[in-house]
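>>> give me coordinates for this.
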Amino acid sequence: MPVLRHLLYAALALVGVGGLLLATGDLTALRLAAVGYTLLAVAGLQLLVGGSGQVSLGHGAFMMIGAYGMALLVLHQPTLPLTANLAIIVAVSAVAGVAVGIATARLHGPYLAGATLILAVGLPGLAHRYHELLGGSNGLNIRTAGAPPFLQGVVSTSDWRALAVWTTVLVSLAVLATISTGRLGRRMRAVRDDETAAAMAGVPVGSTKVAAFVIASTAGGLAGGLQAYVLGTVTPGSFTLALSLSLLAALVLGGIGSVWGALWAALALVYLEVWASDLARSLDLGRDVENNLPVVFFGVVLILVLRFWPLGIQGLVQRLSARRGSPVPTPTP
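Numbers count the residues shown, from 1 in each chain. Below is the predicted model of the structure:
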């Protein structure tokens, strides 16, 4: 069964992540956790854009829903375990996806992008509107549990959180891969290629597009919840339009159409920022330069990759692999 095969791959990947965490320190664990929840967010967007052909500029808004959901649950229901919090976030994010999907099901191209753009721009304003509940510009700070007592001293808090993130991410990726290779995934690709032909073939175009939005919003909300769990803080400034645009640009950079492309995208988003910030500090370029240099780095890399390898980093990997006679598998999201 495809789902069992994908879960087996996820288990093997988790073993690899665990080994890497044991061999590195807390700082690397935090960065690996960031790669994990970023990967999940991009993979959800991958299914929406690459799978169903719907371009969304509001994916960061779904991450905000998940992040604030996690913060509010930890603050007001501190006894709930992480698994329960994540399950609630999945449900809330799915409901948000249904609402947005139904509202935009008849929109195409720039009209769809514009509608989701409104979501990305408007939603962070709720933190200011409901200051007492959501904390305004300062956001919310939470304290999440670390490793259980019987593992304290064996794994650090950072390692435990990274493991929790990657366990959730890999199980979610297995679900996304199963959906993409199944009947719903085939319907999405049919809608992406030609809505009229898909409708004539009996594919329910509207419900398929809504389903894609629900899946993408759930992945984005779950990624936002994991981000809040790792960082312990949630602010509206972290979920502006710039985040949505960065996720979409990273998707193009990594390569649309596969989980591998989402992985390259997540690595680029996390580590280009780290390297650019380290460079700015080492050269003593000042706070303003340090804040903006990662964007410049990312933009330069994106331009170069698309200039020489239009299919993204994964397209380059496939080309190099084909030259060696060993094609790289390209599982769809």
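>>> all the strands of this structure, residue numbers only.
Secondary structure of the chain (DSSP state E): strands at 140-141, 233-234.
>>> doesn't T104 make contact with G206?
No - applying C-beta atoms under 8 Å as the test, G206 and T104 come out as separate, 10.6 Å apart. For the C-beta atoms, the positions are set from N, CA and C on the backbone; glycine is no exception.
>>> please save the CA atoms from the helix or strand of the chain with the lowest mean pLDDT in PDB.
Least confident helix or strand of the chain, by mean pLDDT, DSSP states H and E, is helix 287-308 with a mean of 77. C-alpha atoms of helix 287-308 as PDB (Å, rounded to 0.1, in the frame of the first residue of the first chain):
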ATOM      1  CA  ARG A 287      21.700  46.100  12.200                       C
ATOM      2  CA  ASP A 288      19.800  47.400   9.100                       C
ATOM      3  CA  VAL A 289      22.200  45.600   6.700                       C
ATOM      4  CA  GLU A 290      21.900  42.400   8.700                       C
ATOM      5  CA  ASN A 291      18.100  42.500   8.600                       C
ATOM      6  CA  ASN A 292      18.000  43.100   4.800                       C
ATOM      7  CA  LEU A 293      21.000  41.100   3.600                       C
ATOM      8  CA  PRO A 294      19.200  37.700   3.700                       C
ATOM      9  CA  VAL A 295      16.600  39.000   1.300                       C
ATOM     10  CA  VAL A 296      19.300  40.200  -1.100                       C
ATOM     11  CA  PHE A 297      21.100  36.800  -0.800                       C
ATOM     12  CA  PHE A 298      17.900  34.900  -1.500                       C
ATOM     13  CA  GLY A 299      17.000  37.200  -4.400                       C
ATOM     14  CA  VAL A 300      20.400  36.800  -6.100                       C
ATOM     15  CA  VAL A 301      20.300  33.000  -5.700                       C
ATOM     16  CA  LEU A 302      16.700  32.900  -7.000                       C
ATOM     17  CA  ILE A 303      17.700  34.900 -10.100                       C
ATOM     18  CA  LEU A 304      20.800  32.800 -10.800                       C
ATOM     19  CA  VAL A 305      19.000  29.500 -10.400                       C
ATOM     20  CA  LEU A 306      16.100  30.500 -12.700                       C
ATOM     21  CA  ARG A 307      18.500  32.000 -15.200                       C
ATOM     22  CA  PHE A 308      20.500  28.800 -15.600                       C
END
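>>> what residues does it touch?
Helix 287-308 is contacted by residues 246, 249-250, 252-253, 268-269, 272-273, 275-277, 279-281, 285, 312-313, 316 when judged by C-beta atoms under 8 Å, 6 or more residues apart in numbering.
>>> quick one: it to chain centroid distance?
Relative to the chain's own centre, helix 287-308 is displaced by 20 Å; criterion: C-alpha atoms, centre = their mean, to the nearest Å.
>>> again, but for stretch 280-288
In terms of C-alpha atoms, centre = their mean, the centre of stretch 280-288 is found 29 Å from the chain centre.
>>> can you give me the distance of the closest residue to S244 other than its chain neighbours to V165?
With sequence-adjacent residues excluded and distances taken as C-beta to C-beta, 6 or more residues apart in numbering, S244 is closest to G60, at 3.9 Å. G60 is 18 Å from V165, where distance means C-beta to C-beta, to the nearest Å.
>>> which one of these two is surrounded by more residues?
Per other C-beta atoms under 10 Å, whichever of G60 and V165 has more neighbours is G60, with 30 against 26.
>>> isn't that one right up against L248?
No - G60 lies out of contact with L248 (C-beta under 8 Å); the separation is 9.6 Å.
>>> hang on, the earlier thing: of the contacts of helix 287-308, select the buried ones using a ChimeraX command.
The buried subset of the contacts of helix 287-308, as determined by 16 or more other C-beta atoms under 10 Å, is captured in ChimeraX by this line:
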select :246,249,250,252,253,268,269,272,273,276,277,280,312,313,316
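>>> show me the contacts for the most centrally placed residue in the chain.
By C-alpha atoms, centre = their mean, the chain has its centre lying nearest to A41, at 1.0 Å. Counting by C-beta under 8 Å, 6+ apart, A41 touches H59, M63, A219, G220, A223, G224, L247.
>>> ok, and the closest non-adjacent residue to the second one?
Computed as C-beta to C-beta, 6+ apart, the closest residue to M63 that is not its neighbour in sequence is G224, at 3.4 Å.
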